[in-house]
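Asker: Predicted model follows, preceded by the sequence.
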Protein chains: 2
Amino acid sequence: MSYAKLARHFARLGHLRHATEILRWDEAVLMTQASGAARADALATLEGQMHGLLADPQVPAYLTRAGDEASVGRLGPWEAANLREIRRLQQRAAAVPATLVEQTTRAQLRAEQAWRTQREANDWAGFAPLLTEVVARKREQAAALSMALGISAYDALLDEYEPGCRVETIDRVFGHLRSVLPDLTEAAIERQRERPVTLPRGPFPIESQQRLARRLMLAVGFDERRGRLDVSHHPFCGGVPSDVRITTRYDETDFVSALMGVLHETGHAKYEQGLPEAHVAQPVGQARGMALHEGQSLLQEMQISRSRPFLEFAAPLIREAFPRAVATQPEAFTVENLYRVYTRVERSYIRVDADEVTYPSHIIVRYDIERALIEGRMEVEQIPDAWDAGMRELLQLPTGDDHARGCMQDVHWAAGLFGYFPTYTLGAVAASQLYASVVRRFRDLPERIAAGDFEGLNSYLRDHVWQKGSLLESDDLMRHATGRSLDAGFLEAHLRRRYLE
Amino acid sequence: MSYAKLARHFARLGHLRHATEILRWDEAVLMTQASGAARADALATLEGQMHGLLADPQVPAYLTRAGDEASVGRLGPWEAANLREIRRLQQRAAAVPATLVEQTTRAQLRAEQAWRTQREANDWAGFAPLLTEVVARKREQAAALSMALGISAYDALLDEYEPGCRVETIDRVFGHLRSVLPDLTEAAIERQRERPVTLPRGPFPIESQQRLARRLMLAVGFDERRGRLDVSHHPFCGGVPSDVRITTRYDETDFVSALMGVLHETGHAKYEQGLPEAHVAQPVGQARGMALHEGQSLLQEMQISRSRPFLEFAAPLIREAFPRAVATQPEAFTVENLYRVYTRVERSYIRVDADEVTYPSHIIVRYDIERALIEGRMEVEQIPDAWDAGMRELLQLPTGDDHARGCMQDVHWAAGLFGYFPTYTLGAVAASQLYASVVRRFRDLPERIAAGDFEGLNSYLRDHVWQKGSLLESDDLMRHATGRSLDAGFLEAHLRRRYLE
């Protein structure tokens, strides 16, 4: 009875999340500029109502009684897992006083708004005090969560984005990558010199790009009866499992990044569309965490779509989409050249432009700094020097006082997203590890991909990842799906195979 | 202080209304079919949260104290009016027990869903018991509201859609129309025989229709920075004042109805876009009522857009939009013929297809029946006979047992909308009365309209109607704007001028 009441209560939370997801998508894709303030009010009130449900004073008593039901075996595995997730949400919500939540939100909004202009102006002196305020509030939150959950301060923040993940895992994975990436990057760049590349020149009509993107998106398994593709300034995957909304942006002079952007978001979308329908409004029906979510998009983008077999499948469709560009520059549209285009390696300052070889180094620099900040081992004034040192060590790119291309390039910290960055690289590791498992299951996977057949891949992921929702903890899910815990050796092996063999 | 607290509390209601409006629009225009159940859950939960805000036990005490603030003159006119509206909402919400609300909703859903198939099957025997259940619940609601508000049962329902309106007004207005419409309709049809009409033949390409509709919509004053036009199965005006969303549906064989549909919705949209921005989230910032809302759309459609001056302005644009149809049938696209097309009168069974001369008769038939039902003077089984008699008397069209074209044609009663039908015709009267006032102010209005100049009209409506929001009660607003209360003589005069002179 108590479990059933909890499930009804938390279904309402799921219904309001449905509402916020659609409103956020609408804001990015359709909303008039004039409606910005009204929409912000609507979303803030919805967040408040959701917090009200989480903080409902009746919930703890129900949780205790539902725990009794679970202990006498009256709950099935999905119900028990749902109870675990509800408890997690409730504990987190109860641990942080509402006033601190408000103070943090206000500090973040101030820092985020200022950051938009300060970054362009390279104004670290103006930004630092605002970021200091955010860090102070996040430290308080982390301390409160740490106390309530019995885990370390940084783990307590990380746990929001990647439930169950702890710094031990990150240190193991990142330690491995840190030891191999500098040499691997150097070798890949060295090797690349022997393989000249021809960059395709446009114009590439937007409508042709849209048709091509849709065609590939459907080919790899996006279900158009349960979602759509639109245009927004920043590409993202939003919506709800029965109506997943992915977006991209097109550039008439370059089809390469929009196309891969759509395939990346399609990876996220297939995960959402594959979540267990029976639990859609419950916490246990949600995707397991940000690392596994990024794992799905990077599996689709990096493992599959930037591979030679995929480009064997896609090249004829790309050529069909842009007949005029092909006519003037046929050598740019061969499978081999497209493969080179899609696997270029370059040390660069900006994370979002980075390739898969250099990307983890960007993340490791950020992880070292944000963890030290939360643990009180570093203050905001020390960030630029730490950033410069990290970029020197891992990418041979000192940043000095160039904060716009350095520690001010990302909005994450201003927005209070501490503990989020590591999930990008945990996702890359998960992607290579899952891909290796699928290949073990289907030895002919490359041939299937070259033939445009993604059903084996999708059914493996559907059974082992998507349909699981949040039934298992991340580590259990990875061990069930791949036979072992997250192991950076899979990412290393993938990079060596693709860039050094 | 108490007023300020109330205003903050009810702003949250406004924010959640913003959310539901956008979600409803999205459902009609974009949502995948697969997401229907999840969206219904999201909207139901949002309604529940809104009801929770209305029924908050702290509100009555705040209302009392804010009333004290008002009585010592500490509130300005907008605040005082807002307090009046908040009280109205709170009283209505408090009057009906939550269990009765739920029972009513369930009865309505059952009747509405069954109606979709039963209407097509002419299955009155199947529908009657379901409608009986709805009527029983609505009678209970009306009784509870009547007790709490100290007004009659039917007035209590009417008051939801048209605050402050009472049956005395409707009886006066409808009594006037009832006495003149049968003869007027006969005379108009007689007169029409002397004026043959050529129906334009398509195809009319959808894209051309869209461009034309947008052009006219912008010409009459729709602000595209604060709204958009899309396609949906049933045309409507939704969204929020800073982002008004109107829809239409196109038919390649007929441009006439889609075009007028867009102009009708544009009338609604201009009202929403013109509401006072400073009070957007408060009850006082909302449109005054359904009659005045329909008044704006009918003013735009009937008074303006179906007039000869407007068609002088629009005909060249229509001809430009459909050059091929014009080439084969030039006589169909003259101003005179388009005017005849847009002012055809015909007695017909179906309300939504009715012209402005016969429309009020359809409404009067429904008003007589629904009021008798709520007042317990009629039972559901008697509806078909009453319908047949009403249609005989007012339109010489007996319906007998043809319920699909008779009393089962509208979803309103199944959906629990009792007290709603009269607002259509009150709106038609308001439209003709407001138009007459604008003409008194701008003697050259017809010439302005023929020249495509709508600024005088719009500024009059903006000042006298749109910007007032819910500051005034409907009757006060009409008297300020037009010098008198609602008077059916204006509609009669309009119809005589247009159809008999």
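Answerer: Nice, I can see it.
Asker: Can I get whatever helix or strand residue A:423 lives in as PDB, trimmed to CA atoms?
Answerer: Under the criterion of DSSP states H and E, residue A:423 resides in helix A:422-441. Output in PDB follows, covering the C-alpha atoms of helix A:422-441 (Å, rounded to 0.1, in the frame of the first residue of the first chain):
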ATOM      1  CA  PRO A 422      33.700  13.500 -15.900                       C
ATOM      2  CA  THR A 423      30.500  11.900 -17.300                       C
ATOM      3  CA  TYR A 424      31.600  12.900 -20.800                       C
ATOM      4  CA  THR A 425      34.700  10.700 -20.700                       C
ATOM      5  CA  LEU A 426      33.100   8.000 -18.600                       C
ATOM      6  CA  GLY A 427      30.600   7.900 -21.500                       C
ATOM      7  CA  ALA A 428      33.400   7.600 -24.100                       C
ATOM      8  CA  VAL A 429      34.800   4.600 -22.100                       C
ATOM      9  CA  ALA A 430      31.300   3.100 -21.800                       C
ATOM     10  CA  ALA A 431      30.800   3.500 -25.500                       C
ATOM     11  CA  SER A 432      34.000   1.700 -26.500                       C
ATOM     12  CA  GLN A 433      33.400  -1.000 -24.000                       C
ATOM     13  CA  LEU A 434      29.800  -1.600 -25.100                       C
ATOM     14  CA  TYR A 435      30.800  -1.600 -28.700                       C
ATOM     15  CA  ALA A 436      33.500  -4.300 -28.000                       C
ATOM     16  CA  SER A 437      30.700  -6.400 -26.400                       C
ATOM     17  CA  VAL A 438      28.400  -6.000 -29.400                       C
ATOM     18  CA  VAL A 439      31.300  -7.000 -31.700                       C
ATOM     19  CA  ARG A 440      32.000 -10.100 -29.600                       C
ATOM     20  CA  ARG A 441      28.300 -11.000 -30.000                       C
END
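Asker: ok, then the element right after that helix?
Answerer: Next along the chain from helix A:422-441, counting by DSSP H and E, comes helix A:445-450.
Asker: Wait, a strand at residue A:244?
Answerer: Yes. Counting by DSSP: H, G, I helix; E, B strand; the rest coil, residue A:244 is part of a strand.
Asker: Residue A:134 touches residue A:107, doesn't it?
Answerer: Yes. Using Cβ atoms under 8 Å, residue A:134 makes contact with residue A:107 at a distance of 4.9 Å. In this view, the C-beta of every residue, glycine as well, is placed from N, C-alpha and C.
Asker: quick one, which of the two is more surrounded?
Answerer: Ranked by neighbour count (other Cβ atoms under 10 Å in any protein chain shown), residue A:134 and residue A:107 place residue A:134 first, with 24 against 21.
Asker: contacting residues for the more buried one?
Answerer: If you count contacts by Cβ atoms under 8 Å, 6 or more residues apart in numbering or on different chains, residue A:134 has them with A:104, A:107-108, A:111, A:413-414, A:416.
Asker: can you list the weak-confidence ranges in chain A?
Answerer: A:1 (pLDDT under 70).
Asker: that older thread, which one of the contacts of residue A:134 sits closest to residue A:428?
Answerer: Closest approach between those and residue A:428, by Cβ to Cβ: residue A:413, at 21.0 Å.
Asker: Residue A:495: neighbour count?
Answerer: Neighbour tally, residue A:495, other Cβ under 10 Å: 24.
Asker: quick one: contacts for it?
Answerer: A:184, A:188, A:356-357.
Asker: 6 Å instead?
Answerer: A:184, A:357 (Cβ atoms under 6 Å, 6 or more residues apart in numbering or on different chains).
Asker: and the closest residue to residue A:396 other than its chain neighbours, how many residues sit next to it?
Answerer: Nearest in space to residue A:396, with sequence neighbours left out and distances taken as Cβ to Cβ, 6 or more residues apart in numbering or on different chains, is residue A:347 at 6.4 Å. Counted by other Cβ under 10 Å, the residues lying close to residue A:347 total 17.
Asker: quick one: residue A:347 from chain B, how far?
Answerer: Going from residue A:347 to chain B by Cβ to the nearest Cβ, to the nearest Å gives 43 Å.
Asker: Tell me the buried residues in stretch A:377-387?
Answerer: Buried residues in stretch A:377-387, counted by 16 or more other Cβ atoms under 10 Å in any protein chain shown: A:378, A:380, A:383-384, A:386-387.
Asker: Which residues does it contact?
Answerer: By Cβ under 6 Å, 6+ apart, stretch A:377-387 touches A:128, A:131-132, A:135, A:369, A:372, A:399, A:406-407.
Asker: Could you give the number of residues near the nearest residue to residue A:205 once chain neighbours are set aside?
Answerer: Closest residue in space to residue A:205, ignoring its immediate chain neighbours: residue A:252 at 7.0 Å, by Cβ to Cβ, 6+ apart. Other residues within reach of residue A:252, judged by other Cβ under 10 Å, total 13.
Asker: what does residue A:42 give?
Answerer: Per other Cβ under 10 Å, the neighbour tally for residue A:42 reads 27.
Asker: Can you classify it as helix, strand or coil?
Answerer: helix.
Asker: Verify the stated contact: the residue nearest to residue A:396 with residue A:398.
Answerer: No. If you go by Cβ atoms under 6 Å, residue A:347 and residue A:398 don't touch, sitting 11.6 Å apart.
Asker: still on that earlier bit, distance of the residue nearest to residue A:205 relative to residue A:258?
Answerer: Noted for residue A:252: a distance of 10 Å to residue A:258, by Cβ to Cβ, to the nearest Å.
Asker: Residue A:446 too?
Answerer: 25 Å.
Asker: Same drill for the two, tell me which one is more crowded.
Answerer: residue A:258 (22 against 16).
Asker: Phi first, then psi, for the more buried one.
Answerer: phi -60, psi -40 (degrees, to the nearest 10).
Asker: what's it in contact with, if anything?
Answerer: Residues in contact with residue A:258 (Cβ under 6 Å, 6+ apart) are A:209, A:248, A:250.
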